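Participant: The following block contains a protein sequence and its predicted model.
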Amino acid sequence: ICVRVCACARGGGSCAAGTGRAAGCAARGSSPAAPLTAMYLVSFVVGFVGNIMSIRVLTRKRRSRVSSLSATRSLLINLAVCDLMVVCVCMPITVGNLIYKAWVYGDFLCRAVPFIQAVSVSASVLSLTVISVNRYYSVHNPLNARSFFTQRRILSTILVVWLLSSGICMPLIFMNKRDEIGVVEGLPLVFPICREIWPQERLKQAYNFLLFCALYCLPVLFNMVICFLTVRRLWSHSSRLKEGTVLNRSLPASRLKIRRKVAQMVVALVLLFAVSWLPVYLMDIWIDFNIPKSLQDVSPSPWILQLRPFAQWLGLTNSSLNPICYCFVGNLYRSAKEMRSKYHQRMISLFNFSLSEGTSHSSVPELLSYRSSTEPAEKGNFSTAAVRFLGEYDSKNKCGNLNSCQHPPPSTVSSENTSL
């Protein structure tokens, strides 16, 4: 008897349900639980914090002049929600099944968890496809992008993405069942498992291969072509700008730079998805077509069964790595710094308010103040973290009162440089 971790939601790439098969593979196919648990823990922390921060930054109200960029932000929010579902649903169940080996979550979760996992990953790749189309249309036809990618159409597209993903993965609800296999023949000892039970094995093979083509091969190939055309168009515009030729007035140099950064981010997301999910897809298809039917059959290569959980971890970790693309390839890192600066400023204001209650305003010299790099200076702010001496007396100007001195205005950051 062999108990191995297999893909209950193979097409979706996520698999937390342990599948037991009364086959001729032995326990040597199992993988070490301790290293995988530590790897999943790191991925969970990075993915949870990263996606929460990404959603918080992306949902901030910004005065964006380009409607297509606002559409990209909405689509990225949807992608971050998909990744957060993968992190919060797939990873904990996978680790639990990795530790307990047996399926201890009941029949309902046996049906629900693989479906949620598959839908989340399917919605992620379809959201990437919509983002690629959005960037392609915005670059090739920037004048009509604002009127075409309205907020209503974007929300409708997101709804279609979720409905389509749910429809494709719906068979997993009915085919996944909690089952029990005998541990010792003749004794009432059973081992609970969660697995796909199809009327015919060929139906299962055909369905999983269809999901591989529909949710990996076609989207990845399509996104690669669209991203190549988008990047080529943007770099051709950049070369024309350097040569001094007349460029379309609807695409100034500053906006061209923003769109190039967004295009780089989309390319990074597509490549990351392709690299992360390819191993687990190939292994699952190989297992589907080579799993033994009985104890007398030859078992598949044990190294495939040992590497399969690590390939699954790599696929799920894709949802933890996407926020890194938002921050370091896109322009969200600067937005996150602005949020942190404003948070510090609020804490300083609360601290100053508590000081002003116990000390009269006239008895405290206004010599210390804190000024953020992105916000105007406020008078009379006291900070224990960042204190600047702004009350230096200038003998030439004879400025005895700091309130009358004029400080240079702080540097401002253009909204176009930080908006997506």
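Facilitator: Received it, and whenever you're ready, just let me know what you need.
Participant: contacts, neighbours, all on C-alpha from now
Facilitator: Will do.
Participant: Could you list the low-pLDDT ranges of the stretch 151-300 of the chain?
Facilitator: Low-confidence segments of the stretch 151-300 of the chain (pLDDT under 70): 186-187, 237-259, 292-300.
Participant: Show me the helices in it, by range?
Facilitator: Per DSSP state H, counting those that start in this stretch, the stretch 151-300 of the chain carries helices over the ranges 151-169, 171-175, 201-212, 218-243, 253-290.
Participant: Nearest to residue 95 among those helices would be which one?
Facilitator: Evaluated over the helices of the stretch 151-300 of the chain, closeness to residue 95 peaks at helix 253-290, with 16.8 Å, by Cα to Cα.
Participant: now the angle from the closest one to helix 201-212?
Facilitator: Computed by axes from the mean of the first three to the mean of the last three Cα atoms, to 10 degrees, the angle separating helix 253-290 from helix 201-212 equals 170 degrees.
Participant: Can you give me the buried ones in helix 253-290?
Facilitator: Residues of helix 253-290 classed as buried: 256-270, 272-274, 276-285, 287-288 (neighbour count, 16 or more other Cα atoms under 10 Å).
Participant: Now do that helix: which elements does it pack against?
Facilitator: Here helix 253-290 is seen to pack against helix 106-140, helix 201-212, helix 218-243, helix 302-324, helix 415-418 when contacts are counted using 3 or more Cα pairs under 8 Å, 6 or more residues apart in numbering; DSSP states H and E.
Participant: go with 6 Å
Facilitator: Packed against helix 253-290 by the contact rule (3 or more Cα pairs under 6 Å, 6 or more residues apart in numbering; DSSP states H and E) you find helix 302-324.
Participant: all helices of the stretch 1-150 of the chain, in order?
Facilitator: Secondary structure of the stretch 1-150 of the chain (DSSP H, counting those that start in this stretch): helices located at 33-58, 67-85, 91-100, 106-140, 142-148.
Participant: do you know which of the ones you listed lies nearest residue 194?
Facilitator: Relative to residue 194, the nearest member of these by Cα to Cα is helix 106-140, separated by 5.8 Å.
Participant: residues of that closest one that come out buried?
Facilitator: Within helix 106-140, the residues that qualify as buried by neighbour count (16+ other Cα under 10 Å) are 109-111, 113-139.
Participant: ok, now stretch 198-215?
Facilitator: Those would be 204-205, 207-209, 211-212, 215, for stretch 198-215 by 16+ other Cα under 10 Å.
Participant: Just the C-alphas of it, formatted as CSV.
Facilitator: What follows is the C-alpha trace of stretch 198-215 in CSV, where atoms were taken according to Å, rounded to 0.1, in the frame of the first residue of the first chain:
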residue,chain,number,x,y,z
TRP,A,198,-13.9,8.9,-11.8
PRO,A,199,-16.2,6.4,-13.6
GLN,A,200,-13.3,5.7,-16.0
GLU,A,201,-9.6,6.3,-15.7
ARG,A,202,-9.4,7.7,-19.2
LEU,A,203,-12.0,10.4,-18.3
LYS,A,204,-9.7,11.6,-15.5
GLN,A,205,-6.7,11.6,-17.8
ALA,A,206,-8.6,13.5,-20.5
TYR,A,207,-9.9,16.1,-18.0
ASN,A,208,-6.5,16.8,-16.4
PHE,A,209,-4.8,17.0,-19.8
LEU,A,210,-7.5,19.5,-20.9
LEU,A,211,-6.9,21.6,-17.8
PHE,A,212,-3.2,21.6,-18.5
CYS,A,213,-3.8,22.9,-22.0
ALA,A,214,-6.6,25.4,-21.1
LEU,A,215,-5.0,26.8,-17.9
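Participant: circling back to that earlier point, with distance to residue 37 as extra columns, can I get the helices of the stretch 151-300 of the chain in JSON lines?
Facilitator: Supplementary listing: the helices of the stretch 151-300 of the chain in JSON lines, determined by distance: least, Cα to Cα, whole Å:
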{"stretch": "helix 151-169", "distance to residue 37": "27"}
{"stretch": "helix 171-175", "distance to residue 37": "26"}
{"stretch": "helix 201-212", "distance to residue 37": "27"}
{"stretch": "helix 218-243", "distance to residue 37": "30"}
{"stretch": "helix 253-290", "distance to residue 37": "18"}
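Participant: Out of those, which is closest to residue 190?
Facilitator: Using Cα to Cα, the helices of the stretch 151-300 of the chain put helix 171-175 closest to residue 190, at 20.9 Å.
Participant: What residues sit buried inside that closest one?
Facilitator: The neighbour-count criterion (16+ other Cα under 10 Å) identifies 171-173, 175 as the buried residues of helix 171-175.
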